[in-house]
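Asks: based on what follows, work out the 3D shape:
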Amino acid sequence: MSAPRQPPESSLFRPLLPAGVTLAEMPPAAADPATLPPEEQALIERAVDKRRREFAAGRLLARAALAEARIAAGPLLPDPNRVPCWPAGMVGSITHCNTLCAVAVAPAARWLGLGLDVEPADPLEPRLLPMILREAEFARVDALPPELRAIGGRLVFSIKEAVYKAIYPSCRVFLDFQQVEIAFAGDDGFVADVLVPGAAPRGFERIHGRFRVAHGHMGAAVVLPAD
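Replies: A predicted model of the protein is given here:
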């Protein structure tokens, strides 16, 4: 069964991704866990319905995106670190919040890593901000345009999540939010400095990416070229 797809005009992530990266998006509520292969159903048999649908959306979209890229894929199972085991020669990223799930896949020959993160376009609780933001980032959030300022803390959270998803599968170094520092660049760009040696692939200690706020969501995307 193919996954239902977001119409192109309502895509959050497509404007953030280059050609050659295949994208699929859908609301988790539209996913039916009963359509998953038994091996995937076994991973969520004790989960609550919300978690089951989020997981199902990610797996259904992953197979839809891989099929669009002409890659056959069976069950997409996690490794011991809970990273999805993508088919040989492919990299990918899965993200979801309550109302949107997105998956991107691309050939590993062209792209070293992908990182997506989606969040609701709502402010974080103030008590969480000191855990997410480094000292310099508070001023950078305060300097954002007025329409972004109130949600800037969650935007930094989303960007750091996307950075981590792009680099962790290659390097397997755990990072907390204080070990990556974000600066905004232009209207929709960011630069992320990974502050822990060896946590990012060589040459990617400073990572560039893009973000977008639309349709009630915020999305951050990181694409690491292989050459």
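Asks: can you show me the helices along this protein?
Replies: 38-41, 49-68, 129-132, 135-142, 146-149, 152-171 (DSSP state H).
Asks: and the third one, how far out from the chain middle?
Replies: Think helix 129-132. Chain-centre distance of helix 129-132: 20 Å, with CA atoms, centre = their mean, to the nearest Å.
Asks: buried ones in that helix?
Replies: Leu129, Ile132 (16 or more other CB atoms under 10 Å). From N, CA and C alone the C-beta is placed, and that goes for glycine too.
Asks: average pLDDT for that helix?
Replies: Mean pLDDT, computed over helix 129-132, is 98.
Asks: could we number from 294 for the rest of this?
Replies: Sounds good: first residue 294 from here, last item helix 422-425.
Asks: okay, domains of the chain per the record?
Replies: Taking automatic domain parsing as the reference, the chain has its domains at 301-402, 410-518.
Asks: any regions of the protein where pLDDT drops low?
Replies: By pLDDT under 70, the weakly predicted segments of the chain are 294-301.
Asks: can you tell me the centre-most residue of it?
Replies: Using CA atoms, centre = their mean, the residue of the chain that lies closest to the mean C-alpha position is Leu409, 1.9 Å off.
Asks: how near is that residue to Pro518?
Replies: Distance from Leu409 to Pro518, counting by CB to CB, to the nearest Å: 16 Å.
Asks: try Pro331
Replies: 37 Å.
Asks: what do you get for His501?
Replies: 10 Å.
Asks: and for Ala349?
Replies: Taking CB to CB as the measure, Ala349 falls 31 Å from Pro518.
Asks: so between those two, which is more surrounded?
Replies: Taking other CB atoms under 10 Å, Ala349 and Pro518 do not tie; Ala349 has more neighbours (23 against 11).
Asks: the more buried one reaches Ala323, doesn't it?
Replies: No: the criterion here is CB atoms under 8 Å, and Ala349 misses it with Ala323 at 9.5 Å.
Asks: can you get me a residue count around the closest residue to Ser304 other than its chain neighbours?
Replies: Nearest non-adjacent residue to Ser304, counting by CB to CB, 6 or more residues apart in numbering: Glu318, 5.9 Å away. Per other CB under 10 Å, the neighbour tally for Glu318 reads 30.
Asks: what residues are up against Glu318?
Replies: The neighbourhood of Glu318, defined by CB atoms under 8 Å, 6 or more residues apart in numbering, consists of Arg298, Gln299, Ser304, Leu305, Phe306, Leu354, Leu393, Cys394, Ala395, Val396.
Asks: okay, and which of those residues map to strands?
Replies: Cys394, Ala395, Val396 (DSSP state E).
Asks: closest one of these to Glu428?
Replies: For the ones in strands among the contacts of Glu318, the residue nearest Glu428 by CB to CB is Ala395; the value is 31.5 Å.
Asks: beta partners for the closest one?
Replies: Using DSSP bridges, the bridge partners assigned to Ala395 are Glu318, Thr388.
Asks: spit out the contact partners of it.
Replies: Leu305, Phe306, Leu316, Ala317, Glu318, Leu354, Ile387, Thr388, His389, Leu409, Val411, Gly512.
Asks: now swap in Val515 and tell me
Replies: Neighbouring residues of Val515 by CB under 8 Å, 6+ apart: Gly406, Leu407, Gly408, Leu409, Ala455, Val456, Lys458, Ala459, Ala485, Ile500, Gly502.
Asks: in the sheet, who's paired with it?
Replies: Here Val515, judged by DSSP bridges, has bridge partners Gly408.
Asks: burial measure for Leu316, as a count.
Replies: As a burial measure, Leu316 scores 24 neighbours (other CB under 10 Å).
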